[in-house]
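Colleague: just coords:
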Ligand SMILES: Nc1ncnc2c1ncn2[C@@H]1O[C@H](COP(=O)(O)OP(=O)(O)OP(=O)(O)O)[C@@H](O)[C@H]1O
Ligand SMILES: [Mg+2]
């Protein structure tokens, strides 16, 4: 599914290397978690995978089902099945949430040579998913993320993910800002999408989320590299002992 | 008839010839306007309100040539308007509906009787609008206009009136007069480009509790130049709304001069413009005078500019000493899609009353890259994502159109033009 090899990334405008040789392979249907101290490069990894401007790849590669991602526009990556749930979802005044969602769904369908969803089909699907995620239908009418609470924004990300049904879901701190019940809802939303084929890369600071979304592999990122990978017990170790020993080992 | 003249000698000549054409109810107004033009002279780059827009194209003897494109369809079909067609500045009776409707009378300027209600308005509002800022080309219009419609709303006019312009190769001067009686209302729509080069004037007199709603769309006939003047005078509890949608145009200048003379009046003017290319120039020049208590005025103008296009906004709110409790709002914003495009704004507040709430703001910004990335990361192509953001930016201006159906019609027109800019 997703294969990142020796990925080196620097800022476009500055001589600052942020990723220093990331290696990571997420197989079909697998759930991987990335943990790591602030500023270690987790969000940067997710941005580079989805094609945000401002970064320069100096070495390495990233492929999705064998297709080179790094040369593609963000929308082409999305059409291939790449999805990023943003750490900080973006507010877009003046663009209705529904218009946004429908344009996104139909753009991807068009890119894949599928027919557009009719207004009726689309509405039915959005309503059902929104209900599962306990998203107030009124929120769908508002401009994208404008005036949404932190937790509402995160739920809106999962709503988009469910509508777009991507192959590879990258979730960047989707748990931060969620209350206990919302965390459960969002996890259920994610788990409902686990079908043995779809893969997940879950960036988080907390073991708690991983109780709900059980990862196959846990990676620790530090200073632009994966410094250790292991099973779910690695997340427990971080939760109990912090990063101290792991980082000391790496340094 | 040439729109305006190169030299003062030529101008004097033309104005002397006026005696022959000036007849009927507007005769006195035309003579006095001619004298005023001779007195003021034509505008030049040195005039305060012509710094950002060159008047030359409007004042040289011959207009630049323009292809007869007439790409503007009317977006207002669904409103089933009473339609008046002007072709090359002349009324096309065959293509138009009959000049009659419920609660209103419509006459042509060229056919107005010697004694006509419009005689009291024609040129009067324009004259008042010359102080404190001289507008010679408006006076020129009053002096030389060859045609126009005179609409008298005597009650609530349900069916909108549409003036549809079709342009060939002509220099066009039109002068419309609207009178809205006490408690009456009228919606006036305009679409298309009157001529190769046009100078239009619209004088609107709204009596107590009257309401006037005006929307104009003008789009893809890029080569054409237009100077439009809107003059409005209002009495107690009246409402005035005017909105202009513009796409393309090498030179468009919309001047709007509003005098608020009665209490509890609301006057809203707004516009959205999209321009592409170095030869696009769009100018909104607004002057609103508050001279009564408890009145509200709004100016909301937005422009999207790319590939070297130029936008201008000059908006003034003047609050006279007795105009207490005035609520004046003004915003002008531009979205520049590249670094070659430019926006000049001259927002002005001049306030002599102490109990007022007036605000103005002007911004120039680029597309929000973070929002653009967010949209694209969901699979929306760059071009379409940008279009969504452009429409979002213009939405606040379109919201000034109160009627849902008319707003939807203008929105559709805008979306169509966005996708088909430049012919
Ligand atoms: N556009 C940028 N300009 C300047 N510095 C940047 C930029 N993007 C990332 N960085 C820097 O790169 C490093 C990695 O940032 P990143 O956001 O990837 O960290 P993170 O692991 O997601 O951290 P957190 O856990 O706090 O979210 C940080 O030091 C950050 O300041
Ligand atoms: Mg981060």
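Modeller: All right, it came through fine. Remember, it's a predicted structure, so these values are computed and weren't measured experimentally. Residues are numbered from 1 along each chain as shown, chains lettered A, B, ... in the order given. Ligands and ions are numbered 1, 2, ... in the order given.
Colleague: could you pull up the mean pLDDT of stretch B:49-69?
Modeller: Per-region confidence: stretch B:49-69 scores 81 on mean pLDDT.
Colleague: would you mind listing the buried residues in it?
Modeller: B:49, B:50, B:52, B:53, B:55, B:57, B:58, B:59, B:63, B:66 (16 or more other C-beta atoms under 10 Å in any protein chain shown). In this view, the C-beta of every residue, glycine as well, is placed from N, C-alpha and C.
Colleague: which residues touch the fifth one?
Modeller: Think residue B:55. Residues near residue B:55 by C-beta atoms under 8 Å, 6 or more residues apart in numbering or on different chains: B:42, B:43, B:44, B:45, B:47, B:137.
Colleague: rewinding a little: how about a markdown table for the buried residues of stretch B:49-69, with secondary structure added?
Modeller: Shown next, in a markdown table, are these (DSSP: H, G, I helix; E, B strand; the rest coil):
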| residue | secondary structure |
| --- | --- |
| B:49 | helix |
| B:50 | helix |
| B:52 | coil |
| B:53 | coil |
| B:55 | coil |
| B:57 | helix |
| B:58 | helix |
| B:59 | helix |
| B:63 | coil |
| B:66 | coil |
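Colleague: what is the nearest of the residues you listed to chain A?
Modeller: residue B:52 (27.4 Å; C-beta to the nearest C-beta).
Colleague: who's in contact with that closest one?
Modeller: Counting by C-beta under 8 Å, 6+ apart, residue B:52 makes contact with B:283, B:310, B:312, B:314, B:344, B:346.
Colleague: got the residues of the stretch 51-200 of chain A near ligand 1?
Modeller: Residues of the stretch 51-200 of chain A lying near ligand 1 by C-beta under 6 Å from any ligand atom: A:54, A:87.
Colleague: just the buried ones from the contacts of residue B:52, in PyMOL syntax?
Modeller: Entered in PyMOL, the line below selects the buried ones among the contacts of residue B:52, by 16+ other C-beta under 10 Å:
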select buried, chain B and resi 283+310+312+314+344+346
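Colleague: out of the contacts of residue B:52, who's nearest residue A:100?
Modeller: Relative to residue A:100, the closest of those is residue B:310; by C-beta to C-beta it sits at 31.6 Å.
Colleague: and stretch A:107-124, what's buried?
Modeller: A:107, A:108, A:109, A:117, A:122.
Colleague: now the end-to-end length of it.
Modeller: 18 Å (C-alpha to C-alpha, to the nearest Å).
Colleague: show me where chain B has helices.
Modeller: In chain B, the helices defined using DSSP state H lie at B:8-16, B:18-21, B:27-40, B:56-59, B:124-128, B:136-144, B:369-377, B:382-398, B:404-419.
Colleague: tell me what the fifth one is packed against?
Modeller: Helix B:124-128 is packed against helix B:27-40, helix B:136-144, strand B:197-206, strand B:225-234, strand B:251-260, with contacts defined by 3 or more C-beta pairs under 8 Å, 6 or more residues apart in numbering or on different chains; DSSP states H and E.
Colleague: need the ones you listed in JSON lines (columns: distance to residue B:393 and mean neighbour count).
Modeller: Shown next, in JSON lines, are the helices and strands packed on helix B:124-128 (distance: least, C-beta to C-beta, whole Å; neighbours: other C-beta atoms under 10 Å in any protein chain shown):
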{"stretch": "helix B:27-40", "distance to residue B:393": "38", "mean neighbour count": "19"}
{"stretch": "helix B:136-144", "distance to residue B:393": "31", "mean neighbour count": "26"}
{"stretch": "strand B:197-206", "distance to residue B:393": "28", "mean neighbour count": "27"}
{"stretch": "strand B:225-234", "distance to residue B:393": "24", "mean neighbour count": "25"}
{"stretch": "strand B:251-260", "distance to residue B:393": "19", "mean neighbour count": "25"}
